[in-house]
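Chemist: Pasting the sequence and the predicted model now:
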Amino acid sequence: MQGKKLYQEKLFSSFQLSHRVPENNFYRRLKEVLDLSFLYKKTQSYYGSCGQKSIDPVVFYKLCLVGYLENIISDRKLIEHCSMRLDILYFLGFDIDEELPWHSTLSRTRQLFPEALFEQVFTHVLSMCVEKGMVAGHTQAIDSAPIKANASMDSLELKVPEEELEAYLQKARYQSREDRKPKENKAPKKTTNNYSK
């Protein structure tokens, strides 16, 4: 008999993220080894003593780390992406029914902290990952991608004055011609004497 799956949202459900995220998941392993509690002391001087509570600095830096690891540069897209991934929610310490911070909160918080603090956090996180064996220094790789330029040809400017253009083009043609010439062998050629007596 053919089965047919019907979806109906439950009013109440029993669900635990820790049961759904596999033991070998990267973000689960990262959550276990990454202790960012030092951030509370490092960032305390950037906050006032009254008013509404800010985003937790640990959550903020974890979001920055996720953006780096997932190659997401837009705060809006980062929050959308995180809200759909159970392993990332678990890493951040959020449950499935909890709202993530607004993307604008990330932008404002990023402007609050100096660049030196970001570098310190990055170095600290990297050293912790090396200690736990998650990162090794035996392989290095550089990633790149060709990106098509989005520029109008009409916006290009002539960098050489018009009256000097012909001389410039001749010089460029000459240099190009010289580059195409085969390199001469520097060994001395033997000469023969063709004089007849």
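Modeler: That came through, no problem. Given the structure is predicted, the values throughout are model-derived calculations rather than measurements. Residues are numbered from 1 along each chain as shown.
Chemist: lowest confidence element among the helices and strands of the protein?
Modeler: The weakest-scoring helix or strand in the chain, judged by mean pLDDT, DSSP states H and E, is helix 165-180 (a mean of 72).
Chemist: What segments of this protein are helices?
Modeler: Here the chain has its helices, by DSSP state H, at 17-20, 26-33, 38-43, 57-69, 75-83, 86-92, 103-112, 115-131, 165-180.
Chemist: Low-confidence ranges, this structure, go.
Modeler: Residue ranges of the chain with pLDDT under 70: 1-3, 12, 137-140, 149-158, 175-197.
Chemist: List just the one of the helices of the chain that sits closest to Ser49.
Modeler: Comparing the helices of the chain by their distance to Ser49 (C-beta to C-beta), the top pick is helix 38-43, with 13.9 Å. No exception for glycine: its C-beta is placed from N, CA and C like everyone else's.
Chemist: CA atoms only: put that closest one into PDB for me.
Modeler: This file holds the C-alpha atoms of helix 38-43, laid out as PDB (Å, rounded to 0.1, in the frame of the first residue of the first chain):
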ATOM      1  CA  PHE A  38      37.300  35.200  28.600                       C
ATOM      2  CA  LEU A  39      35.300  37.600  26.400                       C
ATOM      3  CA  TYR A  40      33.200  38.800  29.300                       C
ATOM      4  CA  LYS A  41      36.200  40.400  30.900                       C
ATOM      5  CA  LYS A  42      37.800  41.600  27.700                       C
ATOM      6  CA  THR A  43      34.600  43.400  26.500                       C
END
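Chemist: on that earlier part again, export the helices of the chain as a markdown table, with columns for distance to Ser49.
Modeler: Rendered in a markdown table, the data for the helices of the chain read as follows (distance: least, C-beta to C-beta, whole Å):
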| stretch | distance to Ser49 |
| --- | --- |
| helix 17-20 | 34 |
| helix 26-33 | 31 |
| helix 38-43 | 14 |
| helix 57-69 | 16 |
| helix 75-83 | 27 |
| helix 86-92 | 26 |
| helix 103-112 | 15 |
| helix 115-131 | 20 |
| helix 165-180 | 65 |
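Chemist: burial of the residue nearest to Phe94 when sequence neighbours are not counted, as a residue count?
Modeler: Distance criterion C-beta to C-beta, 6 or more residues apart in numbering; nearest residue to Phe94, sequence neighbours excluded, is Leu100 at 6.3 Å. By other C-beta atoms under 10 Å, the residues close to Leu100 number 19.
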